[in-house]
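Undergrad: show me the folded form of this:
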Amino acid sequence: MPFSTIQWDGPMVEMMRFLINDFDPTNLTYSDDTLKSLILYGAVLIFKDILFAVPYVIDMSQLTITPDPVVNKDFAFINLSILKAACLLARNELKDSAKNALKWKDGQSSFDGSDRGKIQKQVTDSICQEFMDAKMQYEFGDVCPGKAMLGPFSSDRISYGTDAEFLGTNGSNYFGRNSANYASQGFGTP
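TA: The predicted model follows:
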């Protein structure tokens, strides 16, 4: 199958920029290649914990992901990779801010930069917790972790162990089992 003209790096780097608040084109902190590397490294790290339906191949030297998760609309992979990359970046910034957390006093003059480190730790903890929450969401059967619920929400997808099926219009597949199968396994009538 030939590749689409859409490449993973454009949309994913843009999402990453908004997540880390680095989207002013006149004053970018990180280059696109740096963010691509972080996203790829984040993806490599999540492979040790999560098995995706699509087997992705990541080439760090060429900065590529095959197949393209954007073309495949694999929002779970996209979201988890970006959140993991943002967590890695926040941890690095926390380390840098700890080096610069100075506090000094000279006579009547004083400077206290230690609060910057405390604030950066809160930011790091928050971003890394978002990744952990999204990862848990995915592991519990949500096919798109990290999505927002902006109003009343009810899902027609019920996950039971590793078996996830859709409810019929009459609810006959409640808990991922049809009525006959449910009763035959000793669970009574649904």
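Undergrad: all strands of the chain, in order?
TA: Taking DSSP state E, the strands of the chain run over residues 57-59, 64-66, 103-106, 109-112, 157-160, 163-166.
Undergrad: what does the domain assignment say about the chain?
TA: Domains of the chain are assigned by automatic domain parsing as 9-139, 157-187.
Undergrad: mind telling me which of the ones you listed the model trusts least?
TA: For the domains of the chain, the weakest mean pLDDT is recorded on domain 157-187, namely a mean of 40.
Undergrad: just name the most buried of the domains of the chain.
TA: Ranked by mean neighbour count under mean count of other Cβ atoms under 10 Å, those are led by domain 9-139, which reaches a mean of 15. In short, each C-beta sits where N, CA and C put it, glycine included.
Undergrad: and that one, how far apart are its ends?
TA: One end of domain 9-139 to the other measures 25 Å (Cα to Cα, to the nearest Å).
Undergrad: one more: stretch 26-40?
TA: 25 Å.
Undergrad: cool, stretch 48-65 as well?
TA: 16 Å.
Undergrad: list the contacts for the closest residue to residue 59 other than its chain neighbours?
TA: Once flanking residues are discounted, residue 59 sits nearest to residue 66: 7.5 Å by Cβ to Cβ, 6 or more residues apart in numbering. Counting by Cβ atoms under 8 Å, 6 or more residues apart in numbering, residue 66 touches 56-57, 59.
Undergrad: with residue 38 instead?
TA: Shown in contact with residue 38 (Cβ under 8 Å, 6+ apart): 16, 85, 88-89.
Undergrad: now residue 124
TA: Each residue near residue 124 by Cβ under 8 Å, 6+ apart is listed here: 87, 90-91, 93-94.
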